[in-house]
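Asks: Turn this into a structure:
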Amino acid sequence: MLRVENLESGYGPMQVLWKPSLEVKKGSITSLLGPNGVGKSTFLLTVLGSVEPWGGKIFYEDEEITHLPTHKKVDLGISLVPEGKHLFVGMNVHENLIMGAYRKEAIQNVNNSLELVYSLFPILKERDRQRAGTLSGGQQQMLTIARALMAKPKMVMLDEPSQGLAPILVGEVFETIKKLQAEVGLTMLLVEQNAEASLNAANYVYIMLEGQIKAEGTTEDIRGSSDIREAYLGI
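Replies: Residues are numbered from 1 along each chain as shown. I've put the predicted structure just below:
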């Protein structure tokens, strides 16, 4: 579904990405792992177009979209759940979800989308009139993911969904991610520092260091290589 070849980008004169390549297959959970500050978030922002690519190519559903504007990529069905919650904290759960249905296709299917997200996230249905800012950290992260689904995306990129959450809540969020794959067939590119949680959820894993892909393989490949785990993941 997504294929990135030798991507280069950065900020001002500072280059961050040094030709990483990556592929996300339809219906899969693909994880991009690595410590903080190695370029994972920049990779997502460059794919989405918020950061302009300097070089390389980006293909989505076999169409080159390297320099397509961000809103055009969103119209194609690419959605980003950014690092941090970024909710409208003074608005209730229902209102936050409606704000996610901004694409023409999403507006036309808003009731069906609400029914879907409430079935996936029953706690949000229970609290649909509660202000987003008063939800627990885990519930806020679920709301952030649910709001992205309201745009009816084909592929969702998640940036550090476990950030700042207690271990038990991390488990809940990752169970939700696996549920989205199993029940909705959603394609996901997952950026994470939490290697263990990502390995439990992903089908395929890339490891980034200093803006480059240093290793890749199936979850079993990565788990089975003590050299990779020790050198890049610290586990």
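Asks: Show me where this structure has its helices.
Replies: With DSSP state H as the criterion, the chain has helices at 40-48, 70-75, 93-100, 104-108, 110-120, 122-126, 137-149, 167-179, 195-201, 219-224, 226-228.
Asks: do you know which of those lies nearest residue 11?
Replies: Nearest to residue 11 among these is helix 40-48; the distance by Cβ to Cβ comes to 8.0 Å. C-beta coordinates here come from the backbone N, C-alpha and C atoms, glycine included.
Asks: buried stuff in the closest one?
Replies: For helix 40-48, burial by neighbour count (16 or more other Cβ atoms under 10 Å) applies to 40, 41, 42, 43, 44, 45, 46, 47, 48.
Asks: out of those residues, who's nearest residue 54?
Replies: Distance to residue 54 across the buried residues of helix 40-48 (Cβ to Cβ) is lowest for residue 46, with 8.8 Å.
Asks: measure residue 226 to residue 215 for me?
Replies: 12 Å (Cβ to Cβ, to the nearest Å).
Asks: neighbour count winner among these two?
Replies: Each of residue 226 and residue 215 has its neighbours counted (other Cβ atoms under 10 Å); residue 215 has more, 20 against 9.
Asks: Please list all residues in contact with the more buried one.
Replies: Counting by Cβ atoms under 8 Å, 6 or more residues apart in numbering, residue 215 makes contact with 206, 207, 222, 225, 228, 232.
Asks: does it have beta-bridge partners, and which?
Replies: On the basis of DSSP bridges, residue 215 is bridged to residue 207.
Asks: if I look at it, how far off is residue 207?
Replies: On the measure of Cβ to Cβ, residue 215 and residue 207 end up 4 Å apart.
Asks: Which residues are in contact with each of those two?
Replies: Common neighbours of residue 215 and residue 207 (Cβ under 8 Å, 6+ apart) are 222, 228, 232.
Asks: Tabulate these (a markdown table), appending distance to residue 89 and neighbour count.
Replies: Formatted as a markdown table, these follow (distance: Cβ to Cβ, whole Å; neighbours: other Cβ atoms under 10 Å):
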| residue | distance to residue 89 | neighbour count |
| --- | --- | --- |
| 222 | 37 | 25 |
| 228 | 40 | 19 |
| 232 | 36 | 20 |
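Asks: export these to TSV and tack on distance to residue 12 and pLDDT?
Replies: TSV is the format used below for the shared contacts of residue 215 and residue 207 (distance: Cβ to Cβ, whole Å; pLDDT from 0 to 100):
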residue	distance to residue 12	pLDDT
222	34	89
228	33	82
232	28	71
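Asks: What distance do you get for residue 207 to residue 173?
Replies: In terms of Cβ to Cβ, residue 207 sits 21 Å off from residue 173.
Asks: Kindly report the same for residue 19.
Replies: Counting by Cβ to Cβ, the gap from residue 19 to residue 173 is 31 Å.
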